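> below are the sequence and a predicted model; questions follow.
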Amino acid sequence: MTLRALCCLLCVLVLGLIGSAQGPSEPALPDASLYTCRWASTPPKIDGRADEPCWEHAATISNFRASWLATDPKSEPVASGQVDSGDSIPTEAKLVWDKEYLYVWAKLTDRDIQGTITQRDEQTWLDDCFELFLKPSKDRPGYYEFHVTPANTQMDLFIPQRVSKAYAIYKSADSFDFQSAVQVDGTLEDRTDIDRSWQVEFKIAWKDFHQTGGEPRPGDSWSYSFCRYA
């Protein structure tokens, strides 16, 4: 969308081998501070569709927030054309994992889907964009960013510490096994129609987290944030 607004969810991701899966009929997570990332016995195909059994058993994250939109009469609501009484944005996300990868899926309601940036590691947040921030260690300052746009343009980087102009310094410093796919229900860059949503699915290899201690161990907790620009 042409209006640049950010909505996000800050949480703690609890990684561990879970013996009993949550069924798809159970409700989405409330405004909780913890999310249990469930084990994927069979990895999903990265095609932008959450139609594998592992996604059915993953809890849904849907409490994305952009609180200023409901209180500022000059602000146009983002994505769905309306903001409900809880100031939420119609966005859903899920995570699962296995020994090799962390898997992420999200569905973002959007009436005007924008995706002009095509070069990897450019300023993807200037388009519609879904982002994952991960901070594995409480003892180390480093954190990771992974972005995907509706054009399936990626941005990934590791920021070892907060410094001025960190994006420019670190955007090309590391390479990641980061694979993604997108499904668009609508059209990119057509201002004359009304779009509906886009889905994004991606995976990130645990081996690429070596700068913060590597892959998680059962029961570990990692801080994370999901964000969308629209």
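Structure's in. What do you need? Numbers count the residues shown, from 1 in each chain.
> got any ranges where this structure has weak pLDDT?
Scanning the chain for pLDDT under 70 picks out 1-7, 9-33, 66-89.
> what are the ranges of the strands in it?
6-15, 34-39, 91-97, 101-109, 129-135, 143-148, 154-159, 178-185, 197-205, 221-229 (DSSP state E).
> can I get those in TSV including distance to residue 123?
The way it works is simple: take the backbone N, C-alpha and C, and place the C-beta from them, glycine included. Below are the strands of the chain laid out as TSV (distance: least, Cβ to Cβ, whole Å):
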stretch	distance to residue 123
strand 6-15	14
strand 34-39	28
strand 91-97	21
strand 101-109	19
strand 129-135	9
strand 143-148	9
strand 154-159	8
strand 178-185	17
strand 197-205	18
strand 221-229	10
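> please name whichever of the ones you listed is nearest to residue 121.
Closest approach to residue 121 among the strands of the chain (Cβ to Cβ): strand 154-159, 5.1 Å.
> and the angle from the closest one to strand 197-205?
50 degrees (axes from the mean of the first three to the mean of the last three Cα atoms, to 10 degrees).
> what's strand 154-159 in contact with?
If you take Cβ atoms under 8 Å, 6 or more residues apart in numbering as the criterion, strand 154-159 is touched by 120-124, 142-148, 166-167, 170-171, 173-174, 176, 178, 180, 211.
> which of those residues count as buried?
Neighbour-count burial (16 or more other Cβ atoms under 10 Å) is assigned, among those, to 121-122, 124, 142-148, 170-171, 176, 178, 180.
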